[in-house]
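Colleague: would you be able to build a 3D model of this:
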Amino acid sequence: MEYEIKSLTPDLAEDYFDFFDNRAFSDGSPFYPCYCNAFNLSKERMKKELYQRAEDYGNGLEGWIRALRESAERMVQAGEIKGYLAYDNGIAIGWCNTNDRLSYFRTGEFDLHTLPEDQEYSHSIVPGEVKAIVCFEISPEYRGKGIATQFLHRICDDAKTEGYKYVEAYPVKDGENIEMAFTGPLRLYLKAGFEIIEQSGNTYTMRKKLIL
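Modeller: The predicted model follows:
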């Protein structure tokens, strides 16, 4: 089945937050709460926008959710968070976070229970050269229906049109459980023609060349 896929824009913010608030983690996922904004936040910005604001709101789960959501609301409106939403009958049921690689301060898995460090990217690139994919989140009842594959095809097609040379992804070596591998499973990328270019710990960096 083909699902409707739309590029996230500020006017789709309501759909974005409806997905994260009501469907993304309805199976009790350990990634709850999340609004997929930590990838684009520097350590210093995370400290101010997330940890300090959560403390201002009294900490606890509710304080953390409020700080995360308010930060994400600003970022979506500013166009800092980019990606695609998948829809079934007008309801957002999937999300993929993808953006220029240089817009990210971290990729792969990290733990928000402690303030994560900014990661150093080991490759010399310029803006517009590498499009990165950092997260997939699919509503539990829609997993295994090929939505991640549809996202991947759309991302590669659009990235090529936009002039990118590569699409890059960061699956974990042991992340074959698609329900838990928010970076996308290794097999997804291998099937789509991605190649492993390096490994750091348990995380692969994979690339697909778009422009020959």
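
Colleague: end-to-end on stretch 72-83?
Modeller: With Cα to Cα, to the nearest Å as the measure, stretch 72-83 spans 13 Å from end to end.

Colleague: rounded mean pLDDT for it, please.
Modeller: Across stretch 72-83, the average pLDDT comes to 98.

Colleague: repeat for stretch 19-33
Modeller: pLDDT averaged over stretch 19-33 gives 92.

Colleague: for it, buried residues please.
Modeller: In terms of neighbour count (16 or more other Cβ atoms under 10 Å), stretch 19-33 has its buried residues at 19-20, 23-25, 33. (C-beta placed from N, C-alpha, C; glycine too.)

Colleague: any chance of TSV for the residues you listed, columns secondary structure and distance to R53?
Modeller: Formatted as TSV, these follow (DSSP: H, G, I helix; E, B strand; the rest coil; distance: Cβ to Cβ, whole Å):
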residue	secondary structure	distance to R53
F19	helix	23
F20	helix	18
R23	coil	25
A24	coil	22
F25	coil	21
P33	coil	14
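
Colleague: which residues touch L190?
Modeller: Contacts for L190 (Cβ atoms under 8 Å, 6 or more residues apart in numbering) come out as none.

Colleague: looking at the buried residues of stretch 19-33, which one is closest to S139?
Modeller: S139 lies nearest to R23 out of these, by Cβ to Cβ, at 4.3 Å.

Colleague: so the closest one touches S139, yeah?
Modeller: Yes. The pair R23 / S139 is scored as a contact, 4.3 Å apart, by Cβ atoms under 8 Å.

Colleague: what sits in contact with each of these two?
Modeller: With Cβ under 8 Å, 6+ apart, R23 and S139 have common neighbours I93.

Colleague: dump the buried residues of stretch 19-33 into a markdown table; add distance to Y164 as well.
Modeller: Shown next, in a markdown table, are these (distance: Cβ to Cβ, whole Å):
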| residue | distance to Y164 |
| --- | --- |
| F19 | 26 |
| F20 | 27 |
| R23 | 30 |
| A24 | 27 |
| F25 | 31 |
| P33 | 31 |
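
Colleague: let me know the closest of those to Y204.
Modeller: Closest to Y204, out of all of the buried residues of stretch 19-33 and judged by Cβ to Cβ, is A24, at 24.4 Å.

Colleague: quick one: contacts for the closest one?
Modeller: Going by Cβ under 8 Å, 6+ apart, A24 touches 32, 34, 95, 137, 139.

Colleague: measure it to E44 for me?
Modeller: According to Cβ to Cβ, to the nearest Å, A24 stands 27 Å off from E44.

Colleague: quick one: which helix or strand includes C156?
Modeller: Here C156, judged by DSSP states H and E, is contained in helix 147-161.

Colleague: partners of the helix or strand just after that helix in the sheet?
Modeller: Using DSSP H and E, the next helix or strand after helix 147-161 towards the C-terminus is strand 166-169. Here strand 166-169 is paired, per DSSP bridges, with strand 130-138 (parallel), strand 203-209 (antiparallel).

Colleague: enumerate the positions of the longest helix along the chain that are buried.
Modeller: Identified as the longest helix of the chain according to DSSP state H is helix 60-78. By neighbour count on 16+ other Cβ under 10 Å, the buried set for helix 60-78 is 64-69, 71-73, 75-76.

Colleague: could the residues you listed be laid out in CSV, adding distance to F39?
Modeller: Shown next, in CSV, are the buried residues of helix 60-78 (distance: Cβ to Cβ, whole Å):
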residue, distance to F39
W64, 17
I65, 18
R66, 20
A67, 16
L68, 13
R69, 16
S71, 12
A72, 11
E73, 16
M75, 10
V76, 13
